[in-house]
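Trainee: Could you look at this predicted model? Sequence included:
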Amino acid sequence: MLDDKLLVWKFNRGSINALSRIYEKYRDDLLRLAAALLNDIGDAEDIVQDVFIGFAQSAGRFKLTGSLKGYLATCVANRARNRNIEAHRRRTDRLNGNGPVRSNLEKPDQRLMDGEELRQLNNAMAQLPYEQREAITLHLYGAMKFREIGVLQKVSIKTTQSRYRCGLDRLRSILNSKVQK
Amino acid sequence: MKTMSKNKITRTTCVILMVMASAWPALAYPPDNAAVLYYRASLTYHVNDAMTDKVNDIVKGKAEIDDEIREYVKENRHAIKYFVDAGEASHCDWGLDYSEGMELQMPQFAPLRTLARIVMVRTKISTKSADYNEALDLCLSLHKAGSHIGGDGVLISYLVGLSFNALANQGIMDILPHISDNPEILIRLRGQVFEVSGKLPSLTASLNRDMSVCGQHIDKEKAAYILDELLLGEQISKEKARIIRQADENFFKASKEYYLSHQAALLTAIELPYPESYEQLVRLGEKLGSDSKDNPNAMLTSLIVPAIDRVFCLDVKSKTHFNAIKTAIEVYLIKARTGKLPDALPAGLPGDLFSGKAFKYEKNADGFILSCQGKDLSKDKIYEYEFKVKK
Amino acid sequence: MRLTEDIEKRIKNVKIVIDSESNKRVFSNILQAFRKSTAKDLAPTDQPNIWRMIFRNPLTKLAAAAVIIIAVSFFSIHQDQDKQERPRIGKVKQSPAEMMTAMSLKIAYRKGGIEAVEEQYNKAFKQLGPRPGSLSAKQIFAESNGI
């Protein structure tokens, strides 16, 4: 936490190094978070880029009140939720959770991230209700406490914890059944 | 009356739950984080230079176990326990802050390396007293420690982890002849080895992390640290260091681009089959060497990237040795079932990673030998592993 | 409990492979936004008005001038005393902590493999001195009773 405070202090004073360190430190987890929330790697990459651009644009004015990772993860989650709502309006039948994760980029070699494990996990995540997915990913990738996630989801801590546990149980059985096959 | 007794039951239940909850931390052992136990083991073991030398000799086979060493190992039983228990923890977070770049301090490896040798001596003591299960558990704990140290770390962590794997492999090799006729222990070992196989650290991940951490220093602000270290280690001339210190932002930007493209080429090369991979890595190393003379952008990269071809060969060697052990276990099991060694290796067993083929199998008077079909190109050597059979 | 930990670990540690070219491209977009923002923040029109405050007030103007004169004099004296470019003094000795950094260990490995790393550690720990012996609970209580 102290390290993040120092990085933000330097970032606000125009240090490219500090920005680069923040980016390298949190990029991977934010990408995982976004990819798990959206059924689209391309969208996930766009959102993470947008969040970092938004953060970069706040240089000089940014005030860190809690955890930097939590803040960035919240930004990603909010954008992901909005993107999902838009996509639901356009393509309702793709959001029944059965569609494979795919990218809307035409050329796979333009993608920022890739990975077989990631695809498998995201396919399994896609079968969970959105709120459970959000609870799991924000807790594990965003290092957010259940109380903070509850505030974001506008539910009680108990509900968040229950979503988290049920989601993990379901995820475990999906992934284990894939292994047995 | 009923309400009163109900309240009493509720109160009693609450009290019991509270007592259990307060005692819960004491029951939650081992902790989730293996590093806690490794650090604890490091603080607990008895430091004794004379005994450390003796331990080293025993591990290298230059000395025998005597009462003095048994006493020393007994003194360290708690440290050994923490070390072994650490292997059961679900993850290992050393609490390292990689944003510190290459200034990151890593003191944890030294005491653990000493402890690893003490664990090896304990393994030999257990083997001598025919407690083979305990001996194997201790060897496997070395593999697990190797994975905990080498996984998710930088290159130096990976290399230290590999040294633990090598110790573990040697330990298992020493025990195998004693259990060659015991299918129960062999089957147990097979399961343990399978469990460990899935957790072996990845050179790609370590190299990727190492290069990201090092790459932070290709920066006008942060280059000073590595230049000081390179000067102290006599890896760079004062003149070169002076030129780099006075360079402008464009130099660092171009150097960073060169570094990133070299990193990408290395990571691609190590995914190829061994002979092509080695050739490519050597070529990349040579190109880097010649570029560093003509192209100023290559200078920093040439100073901070080590000889990856050598590291790669160490990685392949360690994993091949482990594969030989896995294959040997299957051969021993066949002997235990049928009463004799097979004439040929069954299909589908792990092979020699230098050639990508199965090991060459040859019976001899004492047991059998598994030989690699491909050479370690860095040493121009073909490795053979001899496995003895109990007579 | 263990099953939960296993699945949590699996999710947290899921491997992703980052394409370096794309990463460069993305970061350069972020950097562009950052540069625009910081350039704007440091634009002349946004300079702190502290200078205006100094030059409005005659007393502060005088004080600022005095500071500048003293600084320039000091600098020119210093320059006269030291005409040759002072070479940068490199480190001649490392502390134990410095001997155990990732960079230092990496250099040791380059020079002599894992044995050289071990020797480096031994040197560092020797400098640190002997580790304090363990304290028993009895000793701790005996000491605390003296407070």
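Mentor: Received it, and whenever you're ready, just let me know what you need.
Trainee: Roughly how far does A:T137 sit from A:A35?
Mentor: 9 Å (Cβ to Cβ, to the nearest Å). C-beta here means a position set from N, CA and C on the backbone, and glycine is covered the same way.
Trainee: Name the residue in these two with the higher neighbour count.
Mentor: A:A35 (31 against 27; other Cβ atoms under 10 Å in any protein chain shown).
Trainee: Would you agree that one is in contact with A:A126?
Mentor: No - in this structure, A:A35 is not within contact of A:A126 by Cβ atoms under 8 Å, at 10.3 Å.
Trainee: What segments of chain C are helices?
Mentor: Here chain C has its helices, by DSSP state H, at C:2-12, C:20-41, C:50-56, C:58-81, C:96-99, C:102-128, C:137-145.
Trainee: Mean pLDDT lowest where, among those helices?
Mentor: Mean pLDDT per stretch puts helix C:50-56 lowest among the helices of chain C, at a mean of 55.
Trainee: Enumerate the residues of chain A near chain B.
Mentor: Taking Cβ under 8 Å from any Cβ of the partner chain as the contact definition, chain A meets chain B at A:D3, A:L7, A:N17, A:S20, A:R21, A:E24, A:K25.
Trainee: Now B:D380. Its backbone dihedrals?
Mentor: Phi and psi for B:D380, reported as degrees, to the nearest 10, are phi 50, psi 50.
Trainee: Any figure for the gap between it and chain C?
Mentor: According to Cβ to the nearest Cβ, to the nearest Å, B:D380 and chain C sit 18 Å apart.
Trainee: who's in contact with that residue?
Mentor: Counting by Cβ atoms under 8 Å, 6 or more residues apart in numbering or on different chains, B:D380 touches no other residue.
Trainee: Model confidence for it, exactly?
Mentor: So, for B:D380, pLDDT stands at 90.
Trainee: and it, how far is that from A:L138?
Mentor: 54 Å.
Trainee: related to what we said a few turns ago, can I have the buried ones of the residues of chain A next to chain B as a ChimeraX selection?
Mentor: What follows is the ChimeraX syntax selecting those of the residues of chain A next to chain B that are buried according to 16 or more other Cβ atoms under 10 Å in any protein chain shown:
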select /A:7,20,21,24,25
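Trainee: how about the residues of the stretch 1-150 of chain B near chain A?
Mentor: B:D97, B:Y98, B:S99.
Trainee: Could you identify which of those has the most neighbours?
Mentor: In these, the most neighbours by other Cβ under 10 Å go to B:Y98, 19 neighbours.
Trainee: what about the closest residue to B:K357 other than its chain neighbours, neighbour count?
Mentor: Using Cβ to Cβ, 6 or more residues apart in numbering or on different chains and skipping the chain neighbours, the partner closest in space to B:K357 is B:Q373 (4.8 Å). Neighbourhood size, B:Q373 [other Cβ under 10 Å]: 14.
Trainee: ditto for B:R40
Mentor: 18.
Trainee: Spit out the contact partners of it.
Mentor: When contacts are taken as Cβ under 8 Å, 6+ apart, B:R40 is in contact with B:Y82.
Trainee: Helix or strand for it, just tell me which one.
Mentor: Assigning secondary structure by DSSP states H and E places B:R40 in helix B:34-44.
Trainee: and the residue nearest to B:K357, backbone torsions?
Mentor: Torsion angles, degrees, to the nearest 10, at B:Q373: phi -100, psi -10.
Trainee: What separation do you get for it and B:D380?
Mentor: According to Cβ to Cβ, B:Q373 and B:D380 sit 15 Å apart.
Trainee: now B:G348
Mentor: Using Cβ to Cβ, we find B:G348 at a distance of 30 Å from B:D380.
Trainee: Please enumerate the strands of the chain.
Mentor: You didn't pick a chain, so chain A it is. For chain A, the strands defined by DSSP state E cover A:113-114.
Trainee: that's the wrong chain, I meant chain B
Mentor: Going by DSSP E, chain B shows strands at B:360-363, B:367-371, B:384-388.
Trainee: Kindly compare burial across those and name the winner.
Mentor: strand B:367-371 (a mean of 20; mean count of other Cβ atoms under 10 Å in any protein chain shown).
Trainee: Quick one: mean pLDDT over that one.
Mentor: pLDDT averaged over strand B:367-371 gives 95.
Trainee: What is the neighbour count of B:G198?
Mentor: 7.
Trainee: repeat for B:N250
Mentor: Neighbours around B:N250, by other Cβ under 10 Å: 9.
Trainee: That one and B:P273, how far apart?
Mentor: 39 Å.
Trainee: Same check on B:G101?
Mentor: From B:G101 to B:P273 the distance is 34 Å (Cβ to Cβ).
Trainee: More neighbours: which of the two?
Mentor: Per other Cβ under 10 Å, whichever of B:G101 and B:P273 has more neighbours is B:G101, with 21 against 12.
Trainee: residues in contact with the nearest residue to that one once chain neighbours are set aside?
Mentor: Closest residue in space to B:G101, ignoring its immediate chain neighbours: B:Q216 at 4.3 Å, by Cβ to Cβ, 6+ apart. B:Q216 sits next to A:N17, A:S20, A:R21, A:E24, B:S99, B:G101, B:M102, B:K222 when contact means Cβ under 8 Å, 6+ apart.
Trainee: among those residues, which two are most distant?
Mentor: A:S20 and B:M102 (15.3 Å; Cβ to Cβ).
Trainee: Which stretches in the stretch 251-391 of chain B count as helices?
Mentor: B:274-294, B:299-304, B:308-338 (DSSP state H, counting those that start in this stretch).
Trainee: try the stretch 51-200 of chain B
Mentor: With DSSP H, counting those that start in this stretch as the criterion, the stretch 51-200 of chain B has helices spanning B:67-75, B:77-86, B:109-128, B:132-150, B:155-179, B:183-197.
Trainee: wait, B:V160 sits on B:I149?
Mentor: Yes - B:V160 is within contact range of B:I149, at 5.4 Å (criterion: Cβ under 8 Å).
Trainee: Mind listing the shared neighbours of the two?
Mentor: Residues touching both B:V160 and B:I149 (Cβ under 8 Å, 6+ apart): B:F109, B:L112.
Trainee: Which one's more surrounded, these two?
Mentor: Relative neighbour count places B:I149 above the other of B:V160 and B:I149, with 31 against 27, counting by other Cβ under 10 Å.
Trainee: so how far is chain A from the more buried one?
Mentor: 21 Å.
Trainee: go on, B:G215?
Mentor: B:G215 is 9 Å from chain A, by Cβ to the nearest Cβ.
Trainee: tally of neighbours for the nearest residue to that residue once chain neighbours are set aside?
Mentor: Using Cβ to Cβ, 6+ apart and skipping residues adjacent in sequence, the residue nearest B:G215 is B:Y259, 5.7 Å away. For B:Y259, the neighbour count with other Cβ under 10 Å is 23.
Trainee: wait, B:Y259 sits on B:L300?
Mentor: Yes - using Cβ under 8 Å, B:Y259 is in contact with B:L300, at 6.7 Å.
Trainee: where do the contact lists of those two overlap?
Mentor: Residues touching both B:Y259 and B:L300 (Cβ under 8 Å, 6+ apart) are B:I218.
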